[in-house]
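S.K.: got a structure for you, letters missing:
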């Protein structure tokens, strides 16, 4: 039997090579699927980790402790207890201590401020001065120093509510956070939780009584392999069990890793499910192609089968012989395809991380290859069994056997019913489940089967009519198509293959477009730098210094309102030049026009070292007059204290610190208060007090800073926006200020008259619905020290960076509104596409520290690691494999049909048929099959996209800010159809060329 099998294989090399190539292709795709899926899942997890917020990678354990003046022992005990309750695979800890006190200086009110000590503090900040090393030494931020009115070397007091004994701290350095986007500063407890940024000191300072009642914090970064779930590690369950143990020990576990774990799991499931679905479709198509190829190669084996039957060989032994002939090319094809598939997966997605995933990929690859081999053997056995059931007389006929009409019709009806079920499931919202995943392919199959039956009838009737009319080329081509057994199945295979390839190609292109559009929408500009700056003024001044032309860079701040509303603050004058604007954002001129309509004159800028005010005080009690300014380059607050005003007219001279350097200081507000007591300087002046400012000058300059025109213009001054505010009036070229006579509470009474140098209400562009509080109360943004009333200049579908739920407003107006109470947020610099190479260096030289650099191209590439994009690439690979399968079967079918066609055309040539007509007839049948199959496949892909909704899956995180692009644009359809035509046309040409050569080389005289 073995020798018979080998002899049969050697005798039919062409048929064996066909099966071998089909098996190799199928095995390569089958093996590539699992390895590609698990490797891509690992890459997606890494990409998710890189994109995750630092706080999502950190686990924090906290508790309140009374140290009893022994902080070192308390920290050691806390660290040991927590370490014992956490899993050993968690990372090394960063331990810290924090206590909230009230800071007090002679020139500043009592303000909440945290005192903290933390491992590695000095390595994670930029210090202007030495690192605190002794008890009582602290490092504070530049902003805190400005608000407290202290410098390096100064001392200030911190008061606790549990003891009257103050803690005296000495400022030895000023710090700014470094690596603010890293895990060290991920938690909020060691950042601004109080009114002023924390003061950091050494642990020995906590022996003082005000610092005994402390909050201890144990932070640890989770290793990436635990978040990815390598080796089946279930971090969610581990955290739940750990939380239970910590609660029993009196500790609180804080973790925000849940969204990150969900994203990683969702990406992994999407990739593995999508790869498996595409692989199953390709496997079924492979079985169909191999069965069809086997059916077409029956011709050469029918004579052998008839001879074996005449010799009395049993059906089982003949089936074994046939299986042997097929098993050899299948095994050789699998041996070629298995390493090729592994190398292909590694080339496309790299290696598989984790031993557990590698084991799963290996197991699934083995199952897939076995499915290819066993399924192919079963299909070929069914084809052989059908042939063995025929009588010897039928096997000895020259014509190929046809199929029974009722069996064919029943099979077609069954396939149409399955396609209908898949379509119903997909349209009813079951995408991703059951048959819905295969709906595009099944729709193409249904259309191919219907058109195949229609085309056979039309071709037969049109061919007969053409022959009667004397049109030989058309008539012979039509009859050839209609009378070729199996041609309808080849046509259906071509339709399905083309539809799958066109659908996958369109989805791949649409995915690229969607990723690029999302990247541009989320970033807002072609390139976005995340920067660190002390405040908005520093950011705005640095960008305008580095790009004085205003066409290459724009300062931006992303902030969040107290009502959980995203706020995008932009330098409006540069918006049109830098931002990547979309129609969904509305007219780009909406905000600039609103700012221009509400423009106010800018506040005067003051330079020098002294100011003189000419003022008058009326009323029963003394009143203090203070002028607040802000440096236009550093944003540092400057206080000019004119002190207590006596009754009547007077001129008072006071020092102006920190404003001598250009560009000087902007006037922010006047303050009228009572003389400061022990705790606060902002107590409102007594009722009936009136302070009138008549002029503000600089000694020696000869020019007024605030003259009658400015002080007497009521439009240039405003009171606060909440509570009972200072009453403001202007008369005779002077500004008159007095406390409100009817404050509901003394602490709510305002003390300030603000310079109205920005539009008020603040113009905004709103995306989406207004926050609920705006429906029942005034429209306010509450993130800027004082509540800011807003005016909605436009409502749009979405906005850059903040999406469908946020507002767009002007950065300069916001920073003037916030003044020294800078509202924080994420500071960015958006760069235009043509930004010069040295611009980043210019920004750094202007005082910004770049902590992040992201481009649309880079973000698009990162999104390419998510599940949907990964599945789209693998679906394109499977679509190409389906096209190659169809091309191979087309070659087999055309080769077999051309043998009988060769005999027929040579007979017609002997009767006088012109060689050109014979050659065109040889080309026509296969050409018609390719062109009609290509057109029907493209139609099926378009129909499936309309009925199923397209093959482009949503983003893994559910992002739907912009409408998804059309997966089958005319351009994508044309490119995919051209590639399909090239592959199928080449296969058809190679199959027809031998027939054409024989027809051209044979003369009619030689045939008679």
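M.R.: Okay, I see it. Values in this document were obtained by computation on a predicted structure and should not be read as measured data. Numbers count the residues shown, from 1 in each chain.

S.K.: C-alpha only now, for contacts and for neighbours.
M.R.: Will do.

S.K.: Past the longest helix seen in the chain, which element shows up next along the chain?
M.R.: The longest helix of the chain (DSSP state H) is helix 867-910. Proceeding N to C from helix 867-910, the next assigned helix or strand is helix 915-948, under DSSP states H and E.

S.K.: buried sites along the next helix-or-strand element following that following helix?
M.R.: Sequence-wise, the next helix or strand downstream of helix 915-948 (DSSP H and E) is helix 970-1001. Under the neighbour-count criterion of 16 or more other CA atoms under 10 Å, helix 970-1001 has 972-973, 976-977, 979-981, 983-985, 987-989, 991-992, 995-996, 999 buried.

S.K.: any idea how far helix 970-1001 is from the chain center?
M.R.: 41 Å (CA atoms, centre = their mean, to the nearest Å).

S.K.: next one: stretch 88-106
M.R.: Centre-to-centre, stretch 88-106 and its host chain are 34 Å apart (CA atoms, centre = their mean).

S.K.: what pLDDT, on average, does that stretch get?
M.R.: Confidence for stretch 88-106, expressed as mean pLDDT, is 87.

S.K.: what's the answer for stretch 653-667, then?
M.R.: The predicted model assigns stretch 653-667 a mean pLDDT of 89.

S.K.: Kindly report the same for stretch 349-366.
M.R.: Stretch 349-366 comes out at a mean pLDDT of 87.

S.K.: and if you look at stretch 134-142?
M.R.: Rounded mean pLDDT across stretch 134-142 is 91.

S.K.: Then stretch 583-601?
M.R.: For stretch 583-601, the mean pLDDT works out to 91.

S.K.: measure it end to end?
M.R.: This stretch, stretch 583-601, spans 33 Å end to end (CA to CA, to the nearest Å).

S.K.: what about the helices in the stretch 451-600 of the chain?
M.R.: 472-483, 487-523, 536-546, 575-578, 590-597 (DSSP state H, counting those that start in this stretch).

S.K.: Which elements pack onto the second one?
M.R.: Spelled out, it's helix 487-523. Helix 487-523 is packed against helix 258-296, helix 439-468, helix 856-863, helix 867-910, helix 915-948, helix 970-1001, with contacts defined by 3 or more CA pairs under 8 Å, 6 or more residues apart in numbering; DSSP states H and E.

S.K.: Pipe the ones you listed into CSV and attach distance to residue 791 and mean pLDDT per row.
M.R.: What follows is those, written out as CSV (distance: least, CA to CA, whole Å; pLDDT from 0 to 100):
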stretch, distance to residue 791, mean pLDDT
helix 258-296, 35, 85
helix 439-468, 49, 79
helix 856-863, 32, 91
helix 867-910, 40, 83
helix 915-948, 43, 83
helix 970-1001, 44, 87
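
S.K.: So which of these is nearest residue 834?
M.R.: Nearest of the helices and strands packed on helix 487-523 to residue 834, taken as CA to CA: helix 856-863 at 13.8 Å.

S.K.: Can you name the residues in contact with the longest strand seen in the chain?
M.R.: Counting by DSSP state E, the longest strand found in the chain is strand 93-105. Strand 93-105 is contacted from outside by 75, 79, 109-120, 148-149, 156-161, 189-190, 194, 211, 213-221, 679, using CA atoms under 8 Å, 6 or more residues apart in numbering.

S.K.: I'd like to know which of the residues you listed are buried.
M.R.: Neighbour-count burial (16+ other CA under 10 Å) applied to the contacts of strand 93-105 gives 75, 79, 109-118, 148-149, 156-160, 189-190, 211, 213-221, 679.
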